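Undergrad: Sequence and predicted structure below; questions after.
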Amino acid sequence: MQPSKRLLAAFTLTALAGGAQAADEVVVYSSRIDELIKPVFDAYTAKTGVPIKFITDKEAPLIARLKAEGANTPADMLITVDAGNLWQAEQAGVLQPFKSATIDANIPSQYRSSTDSWTGLSLRARTIFYSTERVKPSELSTYEALADKNWEGRLCLRTSKKVYNQSLTATLIETHGEAKTEEIIKGWVNNLATDVFADDTALLQAIDAGQCDVGITNTYYYGRLHKANPDLKVKPFWPNQQDRGVHVNLAGAGITKNAPHAEAAKKLLEWMTTEEAQALFAGLNQEFPANPKVPASEEVQAWGTFKADAIPVEVAGKRQAQAIMLMDRAGWN
Amino acid sequence: MAHLAQRRWYPIVFVVALLVLLPLTVMLFSWHEVDREIWSHLWQTQMPRLIGNTVILVAGVSVGVTLLGVSLAWLTSLCEFPGRRWLDWALMLPFAIPAYVLAFVFVGLLDFSGPVQTLLREWFGAGVRFPSVRSTAGVISVLVLVFYPYVYLLARNAFLAQGKGLMEAARVLGHNPWQAFWRVALPMARPAIGAGLALAIMETLADFGAVSVFNFDTFTTAIYKTWYGFYSLSSATQLASLLLLVVMLVLYGERRARGAVRPANERPRGKALYQLRGFKALAASGWCLLVFACAFVIPMLQLLVWFWQRGRFDLDERYTALILHTLYLGCLAAVLTVSIALLLAFARRMTPTRLMRSTVSLANTGYALPGSMLAVAIMLAFSYLDNQLVIPLSTLLGGAGKPLLLGSLAALLLAYLIRFMAVAYGPLENSLARIRPSLPEASRSLGVGGVRLFFRVYLPLLLPGALSAALLVFVDVLKEMPATLLMRPFGWDTLAVRIFEMTSEGEWARAALPALTLVAVGLLPVIGLIRRSAQTRG
């Protein structure tokens, strides 16, 4: 046998049998993509020597996998990119509560689970973006006002199947109740300039190209697009500054219920909330650090400061199903 | 009743069918509890529209792939016109492009903010409006362009195999080429066209990636909405099992329609039957070129532009590992799936009982399920086996008592096997059917039997079909996304995984690099596939 073949065979054998686990590694299931977490993990490994293994997928399959694996799961930590999904993971019983003075001190309570099952790590605002050519900022005020008649044929939205819109609607329901929210959503749908988009980036490009004048997207999509194209004729607007503030969502993490290395995972999670890790974690994706002591990157700071909605983000999970049904009834596809 | 010698095939086939049955059983078990709130919500607000959309989509794609596939196959296999020699295999290349890639390329290219409409607005003024690409017609066109190769490949093989005798007879009897096509060639190629069409329909029903780029809601959308939004895996599984029922009906219909027509096995033709000249030759070249340009050249150019703008900055040494993982998974899965499919095909030939027929058909149903649904059902089945079988057994034997299946390469390969069995089985069954029973009988009378009979008679004759099957599975595994995402072992990222990570963030331009690499890796086997089958015609 040639050495390369032997290596391949050994490779196959270990992989076929699943492979053994090292003593104090940490295994992560993540719906945050490779390039937004690997640099953070690499920094931790370089600092502590603890190796980190991870796979990426969407939240629902990862939670289903954790549930199926039960007590035999290799995973210690679950990272998701929406508070609603973290709440769902908690409900599915795949997370365990942790008590950590470090995390309590670093992350404000509205960005953590009320049962200490997960914590937010970075924040993104889902805010209004407008065309600098066709809209004056003074015409804009609140999310609710986008349902007014004067925006007819000028609004762009992403599909209601995306969890970010479900979370936004969930907080609207929490604030206004179901009937009023349905009225607002129907107003939005009525004002649509074109069919809803499959992703936020396409939506921002549509505003830039002149297909619509305003839209609602996450801030980091704008950040990426703006970085690639500084001449973008689109800007963020911070709505509801006179009342509850801008809708904020988060990427966060929890420790799995049957984590083989729960202690090591907790140490990693604590480190991820420290100033050292926060700038890196949020900076990779042009987000706001969840730790208020850490300033956002310069690019992000250039968008200006705003008042964020102080509503506990786990509302997004509690009202997710209600929000989807409401959006379906209102005809938001 | 089966003979004793025939019955020895039963255990093997039952084991394979059982493997496929595992995830199906998981799906059936989901019915033990029905969430009335979700169901009534879906029926009241979603289902009529989604079912309507799905019916329109399937109808549109069926008509489209049949028109494209059959017309192109007829032209390249029976006629001679400028460019035929290379268009013959080039028209198969779109098979290497995953549906989700073609979808985001076309939406990116043709949507309002895309380069085409931007340019047109510059020429004709900002006020002009064009029909939206994100429409029913748009999504049907894209799916037709990615799925027509199924019909093209199978119809082309059928036309080539019809031999010169028949068509010349038709000519002698006074049929012009049109009449010969309608009265002789088409009816004889019907089983092959039906098989290709069935594959295209199953792909359409199972597709989620392409339709979600268009935000075109189909029945599959309801499945995902129920799972990802309502977090009701059981309701999602119930919906998926309904979809499976429809697919079984499609498959049954295809088998029935195929009827008693047997694949022909005549002397291959030496040269083209119809030498096209003048306007006809021009039209033939133009039609083939148009399809090739839309399905392959234009998308490739757009991917190259995106690669140059954004993707090239992502190119690093990790791509070596991504390509190797992709190739390695494709090869292993192809060998495994073809071997098992060969067993099934043999079993069905040797033991033509009703029980065997239905068991084999059952083993072929995995192809039609939405990938994620099948992946999660397989995952649930494997974790059940791990917990109930592997761990107690390993503890009993003094082992570590650790799960072996889930998260292992073996589990992923089994998932591919279940999903792509139908793809491998079709070509194998076809080439096996062409071996007349008299041939092995003659060999036996000459004293060649058992294993030697297989290696000296069957294998050489089956090799072309087996190779086609292996290449089809290989390319399908390259493109496969949901099962790979959910079940890959740690560190086993593939090109499809990288595409997922980029498109899930709406970064289409950056997805161009892994997409281009994926197409490049898939091109060679696709060219091999078509060149090999072209050898029958000198």
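TA: Now that the structure is in, tell me what you want to look at.
Undergrad: Can you tell me which residues in the stretch 101-250 of chain A are near chain B?
TA: Residues of the stretch 101-250 of chain A found near chain B (Cβ under 8 Å from any Cβ of the partner chain) are A:159, A:161, A:163, A:166, A:194-202, A:205-206, A:208-211, A:221, A:224, A:228. C-beta coordinates here come from the backbone N, C-alpha and C atoms, glycine included.
Undergrad: What residues does the residue of the stretch 51-200 of chain A found nearest chain B make contact with?
TA: Nearest residue of the stretch 51-200 of chain A to chain B, counting by Cβ to the nearest Cβ: residue A:199, 3.3 Å away. Residues near residue A:199 by Cβ atoms under 8 Å, 6 or more residues apart in numbering or on different chains: A:158, A:162, A:221, B:505, B:506.
Undergrad: rerun that using 10 Å as the cut-off
TA: With contacts defined as Cβ atoms under 10 Å, 6 or more residues apart in numbering or on different chains, residue A:199 is in contact with A:158-159, A:162, A:205, A:217, A:221, B:104, B:212-213, B:215, B:503-508.
Undergrad: So which of the residues you listed is the closest to residue B:53?
TA: residue B:215 (11.2 Å; Cβ to Cβ).
Undergrad: Quick check: the closest one touching residue B:136?
TA: No: contact criterion Cβ atoms under 10 Å: residue B:215 and residue B:136 do not qualify, at 11.7 Å.
Undergrad: gap between the closest residue to residue B:208 other than its chain neighbours and residue B:371?
TA: The shortest distance from residue B:208 to any non-neighbouring residue, by Cβ to Cβ, 6 or more residues apart in numbering or on different chains, is to residue B:220 (4.9 Å). Using Cβ to Cβ, to the nearest Å, we find residue B:220 at a distance of 10 Å from residue B:371.
Undergrad: so what pLDDT did whichever residue of the stretch 101-250 of chain B sits closest to chain A get?
TA: Nearest to chain A, among the residues of the stretch 101-250 of chain B, is residue B:113, at 3.6 Å (Cβ to the nearest Cβ). Looking at residue B:113, its pLDDT is 90.
Undergrad: now residue B:3
TA: The predicted local confidence for residue B:3 is 62.
Undergrad: cool, the one 4 residues further on as well?
TA: Residue B:7 carries a pLDDT value of 72.
Undergrad: same question, residue A:69
TA: 88.
Undergrad: Name all residues that make contact with it.
TA: A:29, A:75, A:94, A:256, A:258, B:379, B:382-383, B:386-387, B:403, B:406-407.
Undergrad: got CSV for those residues, with distance to residue B:305, secondary structure and pLDDT too?
TA: Shown next, in CSV, are the contacts of residue A:69 (distance: Cβ to Cβ, whole Å; DSSP: H, G, I helix; E, B strand; the rest coil; pLDDT from 0 to 100):
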residue, distance to residue B:305, secondary structure, pLDDT
A:29, 35, strand, 96
A:75, 40, coil, 95
A:94, 43, coil, 96
A:256, 43, strand, 97
A:258, 48, coil, 95
B:379, 38, helix, 83
B:382, 42, helix, 83
B:383, 44, helix, 81
B:386, 47, helix, 82
B:387, 50, helix, 80
B:403, 46, coil, 73
B:406, 41, coil, 75
B:407, 39, coil, 77
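Undergrad: Put the buried members of those into a ChimeraX selection.
TA: Listed next is the ChimeraX selection for buried residues among the contacts of residue A:69, using 16 or more other Cβ atoms under 10 Å in any protein chain shown:
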select /A:29,75,94,256,258 /B:379,382,383,386,387,403,406,407
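Undergrad: ok, the contacts of residue A:69 vs residue A:277, which is closest?
TA: The nearest member of the contacts of residue A:69 to residue A:277, counting by Cβ to Cβ, is residue A:29 at 19.0 Å.
Undergrad: give the contact list for that closest one.
TA: A:54-57, A:59, A:61-63, A:65-66, A:69, A:73-80, A:89, A:94, A:253, A:256.
Undergrad: Next: residue B:382.
TA: A:68-69, B:22-23, B:26, B:390, B:403-408, B:410-411, B:414-415, B:487.
Undergrad: And residue A:159, by the same measure?
TA: Residue A:159 touches A:165, A:195-199, A:203, A:327, A:332-333, B:212, B:215, B:217, B:221, counting by Cβ under 10 Å, 6+ apart.
Undergrad: Apply 7 Å and report the result again.
TA: Neighbour list for residue A:159: A:196, A:197, A:198, A:333, B:215 [criterion: Cβ atoms under 7 Å, 6 or more residues apart in numbering or on different chains].
Undergrad: what's the answer for residue A:146, then?
TA: Taking Cβ under 7 Å, 6+ apart, one finds A:155, A:188, A:191, A:214 in contact with residue A:146.
Undergrad: Which ChimeraX command selects the buried ones in those residues?
TA: To isolate the buried members of the contacts of residue A:146 in ChimeraX, using 16+ other Cβ under 10 Å:
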select /A:155,188,191,214
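Undergrad: picking up where we left off before, format the contacts of residue A:69 as TSV; extra columns: distance to residue A:106.
TA: Output for the contacts of residue A:69, formatted as TSV (distance: Cβ to Cβ, whole Å):
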residue	distance to residue A:106
A:29	23
A:75	23
A:94	24
A:256	21
A:258	26
B:379	35
B:382	39
B:383	35
B:386	38
B:387	38
B:403	35
B:406	34
B:407	32
